[in-house]
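Colleague: Attaching a predicted model along with its sequence, questions to come.
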Amino acid sequence: MQLSCILKKSVIFTFILSFHTWLAVGQVTCKLSVTGKVLDEFKNPLPGATVFIKEHNVGKVTDRDGIYVFSEVCEGDYALEIKFLGYQTQVVKLNLKKSETIQSILITEDRLLSEVVIADHLDPIGKASNYGALSGKSLEEVRGKSLGESLLSITGVNTIQSGPAVFKPVIHGVHSQRILILNNGVRQEGQQWGAEHAPEIDPFIASNLVVIKDAGAIKYGTDALGGVIIVKPADLPKDQQLGGQLHVVGSSNGRSGVVSGMLEGGIKTHHGWGWRVQGTAKKSGDLHTPDYNLSNTGFNELNYSASAGYHQEGKGFEVYYSHFNTTIGILKGSVVGSTEDLAIALEQEPPQNTHQFTYQINSPRQDVKHDFVKLIGHLRKGESLFNFQYGLQINNRREYDLRRGSLNEVPALGYTLYTHTLDAEWEKTKEKSHIRSLGINGMAQDNNKMDGTQTLPFIPNFNNYSAGLFWIEKFSKTNWDWEIGARYDLRYYKIVGYDFKNKLYRSEFSFHNVSATAAGTLKINSSSTFTSSLGSAWRPPNVAELYSLGTHQSAAAIEFGLLLDEITNEVRSPDEVNFRAEQAIKWVNTYRRQKERLTIEISVYMNYIFNYIYLKPRGVTENTRGIFPYFRYTQTDAFFLGADLSMGYEMTKKLKLNARISLLKAKDETNNDHLTFIPSNRYEVSMRYDASNIQSWTSPFVEVRLKYVAKQNSAPRVVPIRDIILAKEQGIDLFENDSRNFDFVDSPEGYFLASFSAGISKPIKKSKLDFRISVENLTNNAYREYSNRMRYYADEIGRNISIALKYSF
Amino acid sequence: MKVYFNFLLLLLSTTSFILLTSCKNDDPEPENIPELITKVTLKFTPAGGGAEMIITATDPDGEGVQDIKVDGPINLIKGTQYTLSLDLINGLYKPGDAGYNITTEVEEEGEEHQFFFRFSDGIFSSPTGTGNIKDNASSTAESINYLDNDVSNIPIGISTSWTSSNTALMDKSFRVLLKHQPGIKSSTSTSLDGESDLDISFVVNVN
């Protein structure tokens, strides 16, 4: 490869630019460049490795070809630190007098917790953020799982589940509208309001999954009270070399299969152009617990994406399209039409309507399609970088319930949501490691109900126009890296819907607010750092929280929005009702230490959310279907306090011990009450043995994990359903004068889970085969998880054996 | 490179144009709510002739917070045989509209629906016992005098026969439950199967 070619190829573009280097020191020549290629033992390029010039605290990430470039470097002595997850860190000493080209070969070293290291300089995380990440090997381990389930491998991240296939991520105890998901740099917009609505993203598109756990993600707009999830694909290739990956995963539980393929390359005669196509198909039948089948819990998924673009130093553009399509069955035994039905369902095990295994998916079920188009462009002019991004998302959700006759094939709930987003940013590198960004975000949404569902719409039709402005400064002073920022947002809603009498109502109103963050990372010494971030965030109430009306899929409870009158239940004008936007202050402190054989990361956080919106039980009503408790969206102040700990210890070169602990306490401060669905404390220990290569087979490993999930003792009081019905029959409304949160049943007992995995790789010329076998719930335990809404009706899934094969070239 | 940026600019302006012009401001279409039952009428017709006993339960607000209203207790004459016919109405429709009469719908889909009953012990001499609504899988269901059947010869219960007790009884209860059992209804299915479409309790007096 010619030097000039390497130089051209190695331009690393990331949408929000990584730290570019202007190292002007004294009068010495500062026009030199350092170009390098990072390879593994088999001479395969290692994309995504970080290369760091310690003396100047600047880093680069290698591109798809494993190439990195530092330009405008001054003469002098440098130590280049090259890091990649699962490989030993290498330090290259340089005495730079002329531009140099370096080739580095990294040796495998499986260190489980090293994802923290690789994430260190990943974009778009600032230097001073609190985050967790999955990339490289840690991401391979969760291939085939849904996005929510994959993120469970990050400490501090949990899920709210609705059955075995619907996972909604929870960061530090908050979820749904309170966390932001960035799919390919664009805010993911669907019907986030429902706890049974999982994110519509295929995790196979990602080369990194990053979770920012502080409120410091100020660049992306409102709603990030709990944090931000970033799903980031690899950069597009820039040369003509054809590359690709094929994943095949088969699992015993559900007799499921996942096939995912990716092909990418460049254009021979047009350097800088690159393309990628990718697709995933999943099919699963009914899953099963150790003792019985979970009827109607299968799912099908078909996703694909294509992207093409041109990237050269200083300019580039890219077009991206993706399609996501899923059909998910809802457990038959969880279908309830009244509290009486619920009482029966709670008492039955196995759940009612438990049948033989089938791949067939009947009602109740969800059909969700998500189409996404993105256009980006970037341009560098001197010290300024301009980024533009436009996204269009079309989200189609259809929910089918068991209905009478011909209505069975008509969705009971159907919405189509169009979201346009436009982001523009100007980033200016002012001096050595001082970057200023200014930007604007715009969003226009149009949500329309599907006509002909023949049900009262649960939420109204709406238009939502939002605009925001942000300013961020990143700089380093002595041993501190700082990031401070502020933003202003405006949101305007235009609503038209139908109330419980099927009478039309309209409304128009707006919200605006400011938020700010400050974060600093102190380099205590070469092996430890301390990060502290304090940030505010806000979120206007979601349309569902304002206007919800009716019952949800299998909830046996009626929900009313904030704007519905307490007595008449009619929709009121927003000026007449006293409600506010949610406002959070989150403080996160993280200490990291990585020295010799011990890696440790401790994070303590507190999140105070003012005007926290939640469903509060307000009474019991009787209609022709029976007796129903009803809930109103209400506001209170909520406080979340927690700690995450992760630790890795190398007992010998080959044997590693890892531990993770995640603790959380949440409280309704105003009413001195517990909040619902807060994940309980969990503890995990794992032991991994990496054996020596066996002839031409490489990196064999065996790993055993043990996890303990404690019982949620801080759960709301229990009011059995039979008590509610009995009291109502005697003319007593249990919630009229006591609106403390409640649950129909006690939180489940704590449980232990063991899992096992093993793997080996086989390099074949320029390609590589990876085999992995894993067994989850090894002892086939019957247990229930507090944060799974299915816990009312059935156990969690039993033992699951998966075999995964990956072919990459 | 200018070309590309012009291209991008063009795409952006096109999409913004589409965005601005595609905003509909039309009102959404109102939905018909055919599954809602707002009024239930129980008609007890004496077999030997005489005055009918008619009781209605009305839901004033569907998914709203107001309770259903029942217009007084069911007053039965002792030692009398009655035919009970049930009438379900969706008040969101006008009489004569297809969606108005739910009873017809239930009848047409008889193989997916069944009415179940529970009553205080002793208020009827036939059927005896407390009815066929089960509390749990182990509780017993007693037989009801169904007068109608679906295509598979399994009872529906729109029409049933009852004989009141020979002794006077006050403030007793009578519960009507309609279960929707698509693909579930069989000769062995019970009140524990399927989803509740209707579940109302009444007060009964036998004089």
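Modeller: Noted; the coordinates are in hand. Numbering: from 1, shown residues only, chains lettered A, B, ... in the order given.
Colleague: didn't A:Lys667 look like it was pressed against A:Gly642?
Modeller: No - with contact defined as CB atoms under 8 Å, A:Lys667 does not count as touching A:Gly642 (11.7 Å). In this view, the C-beta of every residue, glycine as well, is placed from N, C-alpha and C.
Colleague: Among those two, which residue is more densely surrounded?
Modeller: More crowded of A:Lys667 and A:Gly642, by other CB atoms under 10 Å in any protein chain shown: A:Gly642, with 21 against 18.
Colleague: Name all residues that make contact with the more buried one.
Modeller: The contact partners of A:Gly642, taken as CB atoms under 8 Å, 6 or more residues apart in numbering or on different chains, are A:Gly156, A:His172, A:Gly173, A:Val604, A:Tyr605, A:Met606, A:Ser662, A:Leu663, A:Leu664, A:Lys665.
Colleague: Return the distance of it relative to B:Tyr82.
Modeller: Using CB to CB, to the nearest Å, we find A:Gly642 at a distance of 64 Å from B:Tyr82.
Colleague: Kindly state the beta-bridge partners for whichever residue of the stretch 501-650 of chain A sits closest to chain B.
Modeller: The nearest approach of the stretch 501-650 of chain A to chain B comes at A:Gly626, 3.8 Å away (CB to the nearest CB). A:Gly626 has these beta-bridge partners by DSSP bridges: A:Asn623.
Colleague: same deal with A:Gln90?
Modeller: Bridge pairing for A:Gln90 (DSSP bridges) gives the partners A:Ile82.
Colleague: tell me, how many neighbours does it end up with?
Modeller: Per other CB under 10 Å, the neighbour tally for A:Gln90 reads 17.
Colleague: my read: it touches A:Gln103, true?
Modeller: No - contact criterion CB under 8 Å: A:Gln90 and A:Gln103 do not qualify, at 11.3 Å.
Colleague: before we move on, the earlier item: among the contacts of A:Gly642, who's most crowded?
Modeller: A:His172 (31 neighbours).
Colleague: ok, now which ones touch it?
Modeller: So A:His172 contacts A:Gly156, A:Lys213, A:Gly226, A:Gly227, A:Tyr605, A:Asn607, A:Phe640, A:Gly642, A:Leu664 (CB under 8 Å, 6+ apart).
Colleague: Save those as a markdown table, and put in pLDDT and secondary structure too.
Modeller: Shown next, in a markdown table, are these (pLDDT from 0 to 100; DSSP: H, G, I helix; E, B strand; the rest coil):
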| residue | pLDDT | secondary structure |
| --- | --- | --- |
| A:Gly156 | 89 | coil |
| A:Lys213 | 87 | coil |
| A:Gly226 | 88 | coil |
| A:Gly227 | 89 | strand |
| A:Tyr605 | 95 | strand |
| A:Asn607 | 95 | strand |
| A:Phe640 | 96 | strand |
| A:Gly642 | 96 | strand |
| A:Leu664 | 96 | strand |
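Colleague: Now for these: which two are most distant?
Modeller: By the measure CB to CB, A:Gly227 and A:Leu664 form the most distant pair in these, at 13.5 Å.
Colleague: which residues of chain B fall in strands?
Modeller: Secondary structure of chain B (DSSP state E): strands located at B:39-46, B:53-58, B:69-70, B:74-76, B:81-89, B:113-119, B:124-126, B:145-146, B:159-164, B:169-180, B:195-206.
Colleague: Tell me the spacing between the residue lying closest to A:Lys97 once chain neighbours are set aside and A:Thr652.
Modeller: Counting by CB to CB, 6 or more residues apart in numbering or on different chains, A:Lys97 lies nearest to A:Glu75, which is 5.8 Å off, once chain neighbours are set aside. Applying CB to CB, the value for A:Glu75 to A:Thr652 is 43 Å.
Colleague: So which of those two has more stuff around it?
Modeller: A:Glu75 (16 against 9).
Colleague: Distance check, the more buried one against A:Lys98.
Modeller: Counting by CB to CB, the gap from A:Glu75 to A:Lys98 is 9 Å.
Colleague: same question, A:Gly243
Modeller: Counting by CB to CB, the gap from A:Gly243 to A:Lys98 is 32 Å.
Colleague: Comparing those two, which residue is more hemmed in?
Modeller: Neighbour count, other CB under 10 Å: between A:Gly243 and A:Lys98, A:Gly243 has more, with 20 against 8.
Colleague: pLDDT at the more buried one, what is it?
Modeller: In this model, A:Gly243 is scored at 89, pLDDT.
Colleague: Tell me the pLDDT of residue 146.
Modeller: Since you didn't name a chain, this refers to chain A. pLDDT for A:Ser146: 93.
Colleague: that's the other chain; I wanted chain B
Modeller: 95.
Colleague: Same question for A:Asn253.
Modeller: In the predicted model, A:Asn253 carries a pLDDT score of 95.
Colleague: Also A:Arg618?
Modeller: For A:Arg618, the predicted pLDDT is 83.
Colleague: surely it meets A:Tyr633?
Modeller: No - A:Arg618 is beyond contact range of A:Tyr633, at 10.2 Å (criterion: CB under 8 Å).
Colleague: who touches both of these two?
Modeller: In contact with both A:Arg618 and A:Tyr633: A:Phe560, using CB under 8 Å, 6+ apart.
Colleague: ok, these two, which is more surrounded?
Modeller: Neighbours of A:Arg618 and A:Tyr633, each counted by other CB under 10 Å, are more numerous for A:Tyr633; the result is 22 against 19.
Colleague: doesn't A:Ala412 make contact with A:Thr453?
Modeller: Yes - using CB under 8 Å, A:Thr453 is in contact with A:Ala412, at 6.2 Å.
Colleague: pLDDT value on residue 117, please?
Modeller: Using chain A. So A:Val117 comes in at 31 (pLDDT).
Colleague: Hmm, no, I was thinking of chain B.
Modeller: With respect to pLDDT, B:Phe117 has a value of 96.
Colleague: circling back to that earlier point, from the contacts of A:Gly642, which is closest to chain B?
Modeller: Nearest to chain B among the contacts of A:Gly642, with distances taken as CB to the nearest CB, is A:Gly173, at 30.7 Å.
Colleague: so what's that closest one up against?
Modeller: By CB under 8 Å, 6+ apart, A:Gly173 lies in contact with A:Asn158, A:Gly226, A:Asn607, A:Phe640, A:Gly642, A:Leu664, A:Ala666, A:Ile678, A:Pro679.
Colleague: how about 10 Å then?
Modeller: A:156, A:158, A:226, A:605, A:607, A:609, A:638, A:640-642, A:664-666, A:675, A:677-679 (CB atoms under 10 Å, 6 or more residues apart in numbering or on different chains).
Colleague: Phi and psi next, for it.
Modeller: phi 90, psi -10 (degrees, to the nearest 10).
Colleague: neighbours around A:Gly414, how many?
Modeller: For A:Gly414, the count of nearby residues is 20 (other CB under 10 Å).
Colleague: Whichever helix or strand it is part of packs against which elements?
Modeller: Assessed by DSSP states H and E, A:Gly414 sits inside strand A:413-431. In terms of contacts (3 or more CB pairs under 10 Å, 6 or more residues apart in numbering or on different chains; DSSP states H and E), strand A:413-431 is packed against strand A:186-187, strand A:365-381, strand A:384-400, strand A:434-449, strand A:461-477, helix B:2-21.
Colleague: just to revisit the earlier point, out of the strands of chain B, nearest to chain A?
Modeller: strand B:195-206 (3.8 Å).
Colleague: and that closest one, average pLDDT?
Modeller: For strand B:195-206, mean pLDDT is 89.
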